[in-house]
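>>> 3D, please:
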Amino acid sequence: MEAVKAFKQQAERQERRTPMRYEQFLTELDEDAHAEWVDGETIIFMPPNRKHQALVSFLIALLRTFAEFFQLGEVLAAPFEMKVSPDSNGREPDILFIARGNLTRITDQKLEGPADLLIEIISPESAARDRSDKFYEYQDAGIREYWLFDPRPRRKRADFWVLDDNGLYRPIPIDNDIYRSTILPNFWLNVNWLWQDELPDPLSTFARIVGPDTLIAFLQRMKEDNLG
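Prediction:
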């Protein structure tokens with residue numbers, strides 16, 4: 001408990017919290033601000049560091065390529081609000097995946113309902129929020145898969161949770177550093193890729209995941225789309 005308290009005190013020093021009605025949150029903030037509306041307060045976050053941004057960019061490019069090729073759904077990135085119900089908090093996860101059957105939940109302004117998969121990248125001030133507050137909030141909202149990556153020095157930890165039949169998150173062990181998604185069929189991720197100083201090329205990584213034959217088909221499709 002003391003560790004969680006310390007994390008929250010650190011977060012409060014690095015975030016700006018302002019009591020605000022949700023209607024104000026929608027109209028008074030810059031649309032590019034990374035902020036969340038939580039329990040009647042607007043939380044404006046510190047700009048992410050370079051490692052955080054690089055990791056988000058890599059995962060976004062990789063997941064979008066995979067999801068678009070197999071027509072699985074849409075991948076979105078913060079700042080984009082997820083509001084699972086009219087009375088819920090307004091969260092802006094780092095990365096959201098919405099399955100094809102749930103795309104009607106996406107409006108121009110927000111995701112109205114739960115994503116199918118969420119990814120958060122821990123920053124120095126966000127550890128307690130991502131591991132505690134958001135963990136239970138995402139679980140209660142029915143987010144089917146939650147990935148949490150901690151790239152900080154001396155940590156380099158990846159956690160994956162999947163909802164069980166009772167609506168509770170259960171941790172999924174990583175087999176030989178490989179995680180296989182339950183939401184994205186045939187998608188796997190070597191977590192060691194995430195800790196490299198220079199992250200892999202997303203297209204080359206996509207090729208490793210799907211194999212050469214699928215990659216050739218992907219490139220052929222791109223060529224036909226460009227010619228068309």
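>>> The longest helix along the chain: which residues count as buried?
For the chain, the helix that runs over the most residues, judged by DSSP state H, is helix 50-69. Across helix 50-69, burial judged by 16 or more other Cβ atoms under 10 Å covers 51-52, 54-56, 58-67, 69. In short, each C-beta sits where N, CA and C put it, glycine included.
>>> same thing with stretch 193-212?
193-195, 199, 202, 205-207, 209-210.
>>> Ends of that stretch, what's the gap?
19 Å (Cα to Cα, to the nearest Å).
>>> in its sheet, what does the helix or strand just after the longest helix of the chain sit against?
Proceeding N to C from helix 50-69, the next assigned helix or strand is strand 73-77, under DSSP states H and E. Applying DSSP bridges, strand 73-77 is found paired with strand 95-99 (antiparallel).
>>> Counting by contacts, list what the helix or strand following the strand it pairs with packs against.
Downstream of strand 95-99, the next assigned helix or strand under DSSP H and E is strand 110-112. Applying 3 or more Cβ pairs under 8 Å, 6 or more residues apart in numbering; DSSP states H and E, one finds that strand 110-112 contacts strand 81-83.
>>> Show residues contacting the strand it packs on.
Strand 81-83 has contacts (Cβ atoms under 8 Å, 6 or more residues apart in numbering) with 36, 89-93, 96, 109-112, 114-115, 118.
>>> Also stretch 53-60?
48, 75, 77-78, 94-95, 119, 121, 149, 151, 194, 199-200, 202.
>>> list the buried ones in stretch 138-150?
Neighbour-count burial for stretch 138-150 [16+ other Cβ under 10 Å]: 138, 141, 143-150.
>>> show me what contacts residue 168?
So residue 168 contacts residue 139 (Cβ under 8 Å, 6+ apart).
>>> mind checking pLDDT for residue 67?
Residue 67 carries a pLDDT score of 97 in this model.
>>> swap in residue 226?
79.
>>> Tell me which helix or strand it sits in.
Counting by DSSP H and E, residue 226 is part of helix 212-227.
>>> Just list what that helix packs against, helices and strands only.
Counting contacts by 3+ Cβ pairs under 8 Å, 6+ apart, helix 212-227 is packed against helix 50-69, helix 202-210.
>>> Dump those helices into JSON lines; add distance to residue 129 as well.
What follows is the helices and strands packed on helix 212-227, written out as JSON lines (distance: least, Cβ to Cβ, whole Å):
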{"stretch": "helix 50-69", "distance to residue 129": "14"}
{"stretch": "helix 202-210", "distance to residue 129": "28"}
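>>> For residue 175, which of those is the nearest?
Comparing those against residue 175 with Cβ to Cβ, the closest turns out to be helix 202-210 (15.4 Å).
>>> quick one: low-confidence parts of the protein?
Applying pLDDT under 70 to the chain flags residues 1-15, 20, 23, 25-41, 43, 45-48, 228.
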